[in-house]
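Peer 1: this is a predicted model, with the sequence first.
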Amino acid sequence: MTNPTDGRTVDAASMSVLLDSSTNTVTPIAMQTANLSGINEEGPDGFLSTLSPTSDIVIGSAILLSTIISVCGNGLVLLVYYRNRRSVNSFDLLTINIAISDLLYPILGHGLHINSSFHHRWLYGTAGCQLYGFLSAFLNYVSIVTLSVLALSRYIKVCSPNYSRFIDKKNTIIAMVCIWTYSLLWALPPLIGWNRYVPEPCGIFCTLDWILREYEGLTYTVSLFIFIFFIPFSVILLCYCAIVHTTNAQRKAVEMSSKKSFIVRYNMQKRLTKVAIAMTSAFLLSWSPYAALSLWAVVIGGQPPISVEAMTAPSVFAKFSTIYNPILIVVFNAAFRENLRAFFSGKIGLPRVRSGKTTTGSTGIQEEGRSLAVSDRRKRTSDVVSDAVASSLGTDTPVKKEKPVASYSRLSEREEDFEMEVLNEPPDSEECEQ
């Protein structure tokens, strides 16, 4: 294939784009020597699609549907957490961080993709391609790194409860700032010359140039795989393997224990870990096909011997990753379901304790503390009334007072440590004898 600007020969099988030095624009080139759709040149208002018009409409409709579900689902998650912000703990903050990135991604990026799909061409030129590629990379990096931090926090809570005091709201907020900064530092380099954002084979959205073989492209791609994919996913895998091992070891102690608080907190940690594992698994399953194609391009070079439609499908499937987390939170997080019911019923506050059982999650534990504090206040009021009655009757007989119920109002200040205090305690000697 020959570059019409300077007559240079270009290997179309190993390049996805051609940088025109005279106009400094990125021109898409067919991924194979044969142009699969017959239209691949840059039009007056953008890059022409290499897919059929029907395929573009199907893809645009699918992305539109995922955008509606994602915006509604993640927006609802953020709204419910905001209404119950006083009971939010470190686990909830990291969940909120993922919901924010999953909400911004479809709002800021999907609109460009949808509009281009329905017009059968990328409408926003080189600058729009750079912006779309940057936003897509940045927000997905935020999700990946947040999931690894979430796994690490679960590991500390379950496997190293002596250090759980460090997993509080203040440190979690600091971690969130570091997550966004770290992700930004890795998404910016392609904008300033360390690799680049280019049109994908389909021509209707943009991504990182995975097959760029020059030094600046290859070094960035390898570094990205190490610091954004390999290290975070290794942390996730190791943490959850350790959590499963520790949880299985604690199961025997829970079965032998008669302490209700021990059992409740064990079940709570188990369910919160299930939420984290489910969110991580959904994200990995969504991005695995696209990651496999990208790894092929980096290791082997060039594009795999499949059609443009087949190469586009993993990218479209990855964009559905933003719709799963709200569904998983509702399915696995009982405390969130209670808050969601309260939200739709017009009630503001925490879930109630029903049938003598504390609702799982930090909000349920805090509600138990509130109920005990209310009981304490009622007891003190009753004692005051008894003293007043005795005084009015003129008797000097002291009124027998029971020891007041301990107030658990401090739970709201230290709810993070409250989750795992008992899990590391051995069963009582009487329980072991039984």
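Peer 2: Perfect, I can see it now.
Peer 1: and the protein, what are its domain boundaries?
Peer 2: As assigned by automatic domain parsing, the chain contains the domains 49-344, 362-433.
Peer 1: for those domains, which one ends up most surrounded?
Peer 2: Counting by mean count of other CB atoms under 10 Å, domain 49-344 has the highest mean neighbour count of those, with a mean of 19. (Each C-beta comes from the backbone N, C-alpha and C, glycine too.)
Peer 1: what average pLDDT does that one get?
Peer 2: Averaging pLDDT along domain 49-344 gives 88.
Peer 1: end-to-end on it?
Peer 2: 44 Å (CA to CA, to the nearest Å).
Peer 1: again with stretch 204-223
Peer 2: 27 Å.
Peer 1: tell me the helix or strand right after the helix or strand that contains residue 170.
Peer 2: Applying DSSP states H and E as the criterion places residue 170 in helix 169-187. Per DSSP H and E, the first helix or strand lying C-terminal to helix 169-187 is strand 197-199.
Peer 1: give me the contact list for the helix or strand following that following strand.
Peer 2: Counting by DSSP H and E, the element after strand 197-199 in chain order, helix or strand, is strand 206-208. Identification of contacts with strand 206-208 by CB atoms under 8 Å, 6 or more residues apart in numbering yields 122, 129-130, 132-133, 136-137, 190, 195-200, 221, 224, 294, 315.
Peer 1: can you get me the start-to-end distance on stretch 206-217?
Peer 2: 16 Å.
Peer 1: helices along this structure, start to end?
Peer 2: Ranges of helices in the chain, per DSSP state H, are 53-83, 90-105, 111-119, 125-159, 169-187, 215-224, 231-256, 260-299, 308-318, 324-332, 334-344, 362-392, 415-418, 429-433.
Peer 1: so which elements touch the first one?
Peer 2: Other elements packing on helix 53-83 under the criterion 3 or more CB pairs under 8 Å, 6 or more residues apart in numbering; DSSP states H and E are helix 90-105, helix 111-119, helix 308-318, helix 324-332, helix 334-344.
Peer 1: tell me the angle of that helix relative to helix 90-105?
Peer 2: 140 degrees (axes from the mean of the first three to the mean of the last three CA atoms, to 10 degrees).
Peer 1: now swap in the third one and tell me
Peer 2: Computed by the same axes, to 10 degrees, the angle separating helix 111-119 from helix 90-105 equals 40 degrees.
Peer 1: with the longest one instead?
Peer 2: Relative orientation of helix 260-299 and helix 90-105, computed by the same axes, to 10 degrees: 40 degrees.
Peer 1: re the thing from before, show residues contacting the helix holding residue 170.
Peer 2: Contacts for helix 169-187 (CB under 8 Å, 6+ apart): 88-90, 93-94, 97, 134, 137-139, 141-142, 145-146, 149, 153, 224, 227-228, 416.
Peer 1: the closest residue in space to residue 297 that isn't next to it in sequence and residue 185, how far apart?
Peer 2: Nearest residue to residue 297, sequence neighbours excluded (CB to CB, 6 or more residues apart in numbering): residue 210, at 4.0 Å. Counting by CB to CB, to the nearest Å, the gap from residue 210 to residue 185 is 20 Å.
Peer 1: residue 125 now?
Peer 2: 26 Å.
Peer 1: got a list of what the residue nearest to residue 166 when sequence neighbours are not counted touches?
Peer 2: Nearest non-adjacent residue to residue 166, counting by CB to CB, 6+ apart: residue 156, 7.3 Å away. With contacts defined as CB under 8 Å, 6+ apart, residue 156 is in contact with 163-164, 166-167.
Peer 1: so how far is residue 246 from residue 273?
Peer 2: Separation of residue 273 from residue 246 (CB to CB): 10 Å.
Peer 1: residues contacting the closest residue to residue 124 other than its chain neighbours?
Peer 2: Computed as CB to CB, 6+ apart, the closest residue to residue 124 that is not its neighbour in sequence is residue 112, at 5.9 Å. Residue 112 is in contact with 123-124, 128, 131-132, 205, counting by CB under 8 Å, 6+ apart.
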